[in-house]
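**Student:** Sequence and computational prediction follow.
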Amino acid sequence: MQKAQAATPLIVLRDIHKSYNLGLPSQTEVLHGIDLTLAHGEFVALMGPSGSGKSTLLNILGLLEPMTNGSYLLQGEEMRGQDDAGLTLRRRQTLGFVFQFHHLLPAFTALENVTLPAMMINGQVSAQQLRHARDLLADVGLAGAEHKRPAELSGGMQQRVAIARAVMLDPPLVLADEPTGNLDQAASSEVFVLLRRLHAERGITFLVVTHDAHLAERCDRRLELVDGRLHTDSKHSGNLSAVLSPIVL
(Lines give C-alpha, C1' and ligand atoms only; values in the text may rest on other atoms or scores of the structure.)
Protein backbone atom coordinates (compact mmCIF):
# COMPACT_ATOMS: atom_id res chain seq x y z
CA MET A 1 0.00 0.00 0.00
CA GLN A 2 2.80 2.41 0.92
CA LYS A 3 4.62 1.59 -2.31
CA ALA A 4 1.50 2.35 -4.32
CA GLN A 5 1.08 5.68 -2.54
CA ALA A 6 4.74 6.58 -3.14
CA ALA A 7 4.33 5.74 -6.82
CA THR A 8 1.46 8.24 -7.12
CA PRO A 9 2.73 11.82 -7.49
CA LEU A 10 1.77 14.14 -4.68
CA ILE A 11 0.65 16.82 -7.14
CA VAL A 12 -0.10 16.78 -10.85
CA LEU A 13 -1.11 20.01 -12.58
CA ARG A 14 -2.23 19.84 -16.19
CA ASP A 15 -2.84 22.92 -18.36
CA ILE A 16 -3.67 25.23 -15.44
CA HIS A 17 -5.05 28.61 -16.49
CA LYS A 18 -6.12 31.38 -14.16
CA SER A 19 -7.96 34.54 -15.18
CA TYR A 20 -9.39 37.38 -13.14
CA ASN A 21 -12.42 39.58 -13.90
CA LEU A 22 -14.00 36.92 -16.09
CA GLY A 23 -16.42 38.30 -18.64
CA LEU A 24 -15.38 41.90 -18.07
CA PRO A 25 -13.39 44.17 -20.37
CA SER A 26 -10.61 44.03 -17.77
CA GLN A 27 -10.38 40.20 -17.90
CA THR A 28 -6.76 39.19 -17.46
CA GLU A 29 -5.14 35.77 -17.64
CA VAL A 30 -2.17 35.43 -15.28
CA LEU A 31 -1.38 31.71 -15.65
CA HIS A 32 -1.13 30.34 -19.16
CA GLY A 33 -1.23 26.55 -19.13
CA ILE A 34 0.96 25.36 -16.24
CA ASP A 35 2.02 21.69 -16.28
CA LEU A 36 3.77 20.51 -13.12
CA THR A 37 4.34 17.28 -11.21
CA LEU A 38 5.64 17.15 -7.64
CA ALA A 39 6.74 13.83 -6.18
CA HIS A 40 6.61 12.90 -2.51
CA GLY A 41 9.66 14.08 -0.59
CA GLU A 42 10.88 16.83 -2.92
CA PHE A 43 12.32 20.15 -1.75
CA VAL A 44 11.52 22.69 -4.46
CA ALA A 45 12.20 26.40 -4.91
CA LEU A 46 9.72 28.50 -6.90
CA MET A 47 11.19 31.70 -8.30
CA GLY A 48 10.16 34.45 -10.69
CA PRO A 49 9.92 38.21 -10.97
CA SER A 50 7.10 40.16 -9.34
CA GLY A 51 3.90 39.69 -11.30
CA SER A 52 4.99 36.37 -12.80
CA GLY A 53 2.14 34.45 -11.14
CA LYS A 54 3.96 32.83 -8.19
CA SER A 55 1.40 33.84 -5.57
CA THR A 56 -1.49 32.86 -7.82
CA LEU A 57 0.02 29.43 -8.43
CA LEU A 58 0.68 28.97 -4.72
CA ASN A 59 -2.91 29.93 -3.89
CA ILE A 60 -4.21 27.36 -6.37
CA LEU A 61 -1.90 24.67 -4.97
CA GLY A 62 -3.04 25.63 -1.47
CA LEU A 63 -6.72 25.31 -2.45
CA LEU A 64 -7.20 28.96 -1.52
CA GLU A 65 -8.56 30.02 -4.92
CA PRO A 66 -9.88 28.08 -7.90
CA MET A 67 -8.26 27.61 -11.27
CA THR A 68 -10.13 28.84 -14.34
CA ASN A 69 -9.28 25.81 -16.48
CA GLY A 70 -7.15 22.72 -16.11
CA SER A 71 -6.74 19.74 -13.80
CA TYR A 72 -5.26 19.58 -10.30
CA LEU A 73 -4.69 16.11 -8.85
CA LEU A 74 -3.74 16.10 -5.18
CA GLN A 75 -2.67 12.62 -4.07
CA GLY A 76 -4.50 11.29 -7.11
CA GLU A 77 -7.78 13.09 -6.36
CA GLU A 78 -9.14 15.79 -8.67
CA MET A 79 -9.57 19.09 -6.87
CA ARG A 80 -11.42 20.93 -9.61
CA GLY A 81 -15.15 20.86 -8.95
CA GLN A 82 -14.86 20.11 -5.24
CA ASP A 83 -17.18 22.14 -3.03
CA ASP A 84 -15.89 24.51 -0.34
CA ALA A 85 -16.35 21.97 2.45
CA GLY A 86 -14.38 19.34 0.56
CA LEU A 87 -11.58 21.76 -0.26
CA THR A 88 -11.38 22.95 3.35
CA LEU A 89 -11.11 19.39 4.61
CA ARG A 90 -8.41 18.48 2.09
CA ARG A 91 -6.49 21.66 2.89
CA ARG A 92 -6.50 20.91 6.61
CA GLN A 93 -5.58 17.25 6.15
CA THR A 94 -2.93 17.62 3.47
CA LEU A 95 -1.31 21.07 3.52
CA GLY A 96 0.78 23.18 5.83
CA PHE A 97 1.46 26.87 5.21
CA VAL A 98 4.33 29.18 6.13
CA PHE A 99 4.11 32.82 5.08
CA GLN A 100 6.54 35.73 4.93
CA PHE A 101 4.67 37.28 7.84
CA HIS A 102 4.10 34.54 10.38
CA HIS A 103 0.39 35.28 11.05
CA LEU A 104 0.57 34.06 14.64
CA LEU A 105 -2.38 34.95 16.83
CA PRO A 106 -1.01 37.63 19.19
CA ALA A 107 -3.19 36.67 22.16
CA PHE A 108 -2.12 33.00 21.95
CA THR A 109 1.04 31.54 23.41
CA ALA A 110 3.58 29.80 21.18
CA LEU A 111 2.17 26.43 22.27
CA GLU A 112 -1.41 27.49 21.56
CA ASN A 113 -0.43 28.78 18.12
CA VAL A 114 1.23 25.45 17.26
CA THR A 115 -1.82 23.44 18.34
CA LEU A 116 -4.21 25.64 16.36
CA PRO A 117 -4.51 23.25 13.35
CA ALA A 118 -5.59 20.42 15.67
CA MET A 119 -8.07 22.72 17.39
CA MET A 120 -9.57 23.76 14.04
CA ILE A 121 -10.17 20.14 13.01
CA ASN A 122 -11.23 18.58 16.31
CA GLY A 123 -12.47 21.53 18.36
CA GLN A 124 -10.05 20.52 21.09
CA VAL A 125 -6.47 19.41 21.61
CA SER A 126 -5.69 15.96 23.00
CA ALA A 127 -2.97 15.31 25.55
CA GLN A 128 -1.01 13.46 22.86
CA GLN A 129 -1.27 16.43 20.48
CA LEU A 130 -0.18 18.77 23.25
CA ARG A 131 2.93 16.64 23.84
CA HIS A 132 3.57 16.59 20.11
CA ALA A 133 3.36 20.39 19.96
CA ARG A 134 5.80 20.71 22.85
CA ASP A 135 8.17 18.32 21.09
CA LEU A 136 7.90 20.37 17.90
CA LEU A 137 8.76 23.58 19.69
CA ALA A 138 11.79 21.88 21.20
CA ASP A 139 12.69 20.53 17.77
CA VAL A 140 12.70 24.04 16.28
CA GLY A 141 14.87 25.36 19.12
CA LEU A 142 12.15 26.89 21.29
CA ALA A 143 12.08 24.64 24.33
CA GLY A 144 11.13 26.82 27.28
CA ALA A 145 9.29 29.36 25.14
CA GLU A 146 5.98 27.49 25.09
CA HIS A 147 4.09 30.09 27.11
CA LYS A 148 5.54 33.19 25.48
CA ARG A 149 3.34 35.25 23.21
CA PRO A 150 4.52 36.40 19.76
CA ALA A 151 5.38 39.90 20.98
CA GLU A 152 7.89 38.34 23.38
CA LEU A 153 9.72 36.52 20.57
CA SER A 154 12.14 37.72 17.90
CA GLY A 155 11.14 37.63 14.24
CA GLY A 156 13.12 34.46 13.63
CA MET A 157 11.61 32.79 16.68
CA GLN A 158 8.11 33.74 15.56
CA GLN A 159 8.76 32.20 12.17
CA ARG A 160 9.95 28.99 13.84
CA VAL A 161 6.68 28.86 15.76
CA ALA A 162 4.86 29.25 12.43
CA ILE A 163 6.89 26.39 10.95
CA ALA A 164 6.08 24.14 13.92
CA ARG A 165 2.40 25.03 13.41
CA ALA A 166 2.64 24.14 9.71
CA VAL A 167 3.91 20.61 10.45
CA MET A 168 1.75 20.02 13.54
CA LEU A 169 -0.51 17.54 11.71
CA ASP A 170 2.34 16.00 9.66
CA PRO A 171 1.04 17.18 6.27
CA PRO A 172 2.60 15.62 3.17
CA LEU A 173 3.10 19.10 1.66
CA VAL A 174 4.17 22.45 3.11
CA LEU A 175 3.81 25.58 0.98
CA ALA A 176 6.17 28.33 2.12
CA ASP A 177 5.70 31.81 0.65
CA GLU A 178 8.90 33.85 1.11
CA PRO A 179 9.44 32.32 4.59
CA THR A 180 12.76 34.17 5.03
CA GLY A 181 11.78 37.39 3.25
CA ASN A 182 11.07 39.36 6.42
CA LEU A 183 14.19 38.21 8.33
CA ASP A 184 17.77 39.35 8.57
CA GLN A 185 20.51 37.20 7.04
CA ALA A 186 21.30 35.22 10.18
CA ALA A 187 17.66 34.45 10.99
CA SER A 188 16.98 33.69 7.33
CA SER A 189 19.75 31.09 7.28
CA GLU A 190 18.45 29.51 10.50
CA VAL A 191 14.91 29.21 9.13
CA PHE A 192 16.10 27.69 5.86
CA VAL A 193 18.25 25.13 7.71
CA LEU A 194 15.22 24.25 9.80
CA LEU A 195 13.05 23.67 6.74
CA ARG A 196 15.69 21.43 5.19
CA ARG A 197 16.08 19.46 8.41
CA LEU A 198 12.33 18.90 8.74
CA HIS A 199 12.27 17.79 5.12
CA ALA A 200 15.11 15.31 5.69
CA GLU A 201 13.79 13.94 8.97
CA ARG A 202 10.06 13.82 8.24
CA GLY A 203 9.91 13.30 4.48
CA ILE A 204 7.62 16.31 4.02
CA THR A 205 7.51 17.83 0.55
CA PHE A 206 8.34 21.55 0.57
CA LEU A 207 7.57 24.11 -2.13
CA VAL A 208 9.34 27.32 -1.17
CA VAL A 209 8.70 30.63 -2.95
CA THR A 210 11.84 32.75 -2.72
CA HIS A 211 13.59 35.65 -4.41
CA ASP A 212 16.90 34.55 -2.89
CA ALA A 213 18.95 32.82 -5.60
CA HIS A 214 21.43 31.59 -3.00
CA LEU A 215 18.69 29.75 -1.08
CA ALA A 216 17.20 28.41 -4.30
CA GLU A 217 20.55 26.88 -5.22
CA ARG A 218 20.43 24.94 -1.95
CA CYS A 219 17.12 23.32 -2.94
CA ASP A 220 16.92 20.07 -4.91
CA ARG A 221 14.78 21.50 -7.70
CA ARG A 222 14.21 24.99 -9.01
CA LEU A 223 11.11 26.20 -10.85
CA GLU A 224 10.94 29.63 -12.44
CA LEU A 225 7.78 31.35 -13.59
CA VAL A 226 8.01 34.09 -16.21
CA ASP A 227 4.88 35.90 -17.41
CA GLY A 228 2.60 33.15 -16.13
CA ARG A 229 4.47 30.30 -17.77
CA LEU A 230 6.83 27.71 -16.35
CA HIS A 231 10.10 28.88 -17.87
CA THR A 232 12.64 26.73 -15.97
CA ASP A 233 12.44 23.36 -14.24
CA SER A 234 15.87 22.19 -13.18
CA LYS A 235 17.04 19.59 -10.70
CA HIS A 236 20.32 19.33 -8.86
CA SER A 237 21.59 17.54 -5.78
CA GLY A 238 21.74 19.88 -2.81
CA ASN A 239 24.67 19.78 -0.40
CA LEU A 240 22.88 18.37 2.63
CA SER A 241 26.01 18.47 4.77
CA ALA A 242 25.91 22.25 4.34
CA VAL A 243 22.21 22.89 4.75
CA LEU A 244 21.66 20.56 7.71
CA SER A 245 24.20 22.21 9.99
CA PRO A 246 22.97 22.91 13.56
CA ILE A 247 20.75 25.92 14.13
CA VAL A 248 22.57 28.77 15.81
CA LEU A 249 20.39 30.05 18.65
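**Tutor:** Thanks, I have the structure now. Predicted, not measured: the structure shown is a model, and the values here were computed from it.
**Student:** ok, now how distant is Ala164 from Leu175?
**Tutor:** 16 Å (Cβ to Cβ, to the nearest Å). Using the backbone N, CA and C atoms, a C-beta is placed for each residue, glycine as well.
**Student:** Comparing those two, which residue is more hemmed in?
**Tutor:** Ala164 (29 against 24; other Cβ atoms under 10 Å).
**Student:** And the pLDDT at that one?
**Tutor:** Looking at Ala164, its pLDDT is 93.
**Student:** Kindly report the same for Gly156.
**Tutor:** So, for Gly156, pLDDT stands at 85.
**Student:** and the closest residue to it other than its chain neighbours, how far is that from Leu194?
**Tutor:** In this structure, Gly156 finds its nearest non-sequential neighbour in Ala187, 3.2 Å apart by Cβ to Cβ, 6 or more residues apart in numbering. According to Cβ to Cβ, Ala187 and Leu194 sit 10 Å apart.
**Student:** Just the buried residues of the lengthiest helix in the chain, please?
**Tutor:** Using DSSP state H, we find that the single longest helix of the chain is helix 185-202. Neighbour counts using 16 or more other Cβ atoms under 10 Å place 187-199 of helix 185-202 among the buried residues.
**Student:** Also stretch 100-109?
**Tutor:** For stretch 100-109, by 16+ other Cβ under 10 Å, it's 100, 102, 104, 108-109.
**Student:** okay, those residues in CSV with secondary structure and pLDDT next?
**Tutor:** As requested, the buried residues of stretch 100-109 are exported to CSV (DSSP: H, G, I helix; E, B strand; the rest coil; pLDDT from 0 to 100):
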residue, secondary structure, pLDDT
Gln100, coil, 75
His102, coil, 75
Leu104, coil, 91
Phe108, coil, 95
Thr109, coil, 96
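**Student:** who's in contact with the residue positioned nearest the centre of the chain?
**Tutor:** With distances taken as Cα atoms, centre = their mean, Leu175 lies nearest the centre of the chain, 1.4 Å away. Leu175 makes contact with 58, 61-62, 95-98, 207 under the criterion Cβ atoms under 8 Å, 6 or more residues apart in numbering.
**Student:** Rank those residues by pLDDT and give me only the lowest.
**Tutor:** Val98 (89).
**Student:** With adjacent residues omitted, what lies nearest to that residue?
**Tutor:** Closest to Val98 by Cβ to Cβ, 6+ apart is Ala176, at 4.1 Å.
**Student:** Show me what Ala176 is bridged to.
**Tutor:** Val98, Val208 (DSSP bridges).
**Student:** Could you pull up the contacting residues of it?
**Tutor:** The contact partners of Ala176, by Cβ under 8 Å, 6+ apart, come to 97-99, 166, 195, 206-209.
**Student:** What are the boundaries of the helices in the protein?
**Tutor:** 2-7, 54-61, 84-94, 110-114, 116-122, 127-139, 155-166, 185-202, 213-217, 240-243.
**Student:** For Ser26, which of these is the nearest?
**Tutor:** Across the helices of the chain, Ser26 has its closest neighbour in helix 54-61 (16.1 Å, Cβ to Cβ).
**Student:** Check which helices and strands the closest one sits against.
**Tutor:** Applying 3 or more Cβ pairs under 8 Å, 6 or more residues apart in numbering; DSSP states H and E, one finds that helix 54-61 contacts strand 11-20, strand 28-38, strand 43-47, strand 173-177, strand 205-209.
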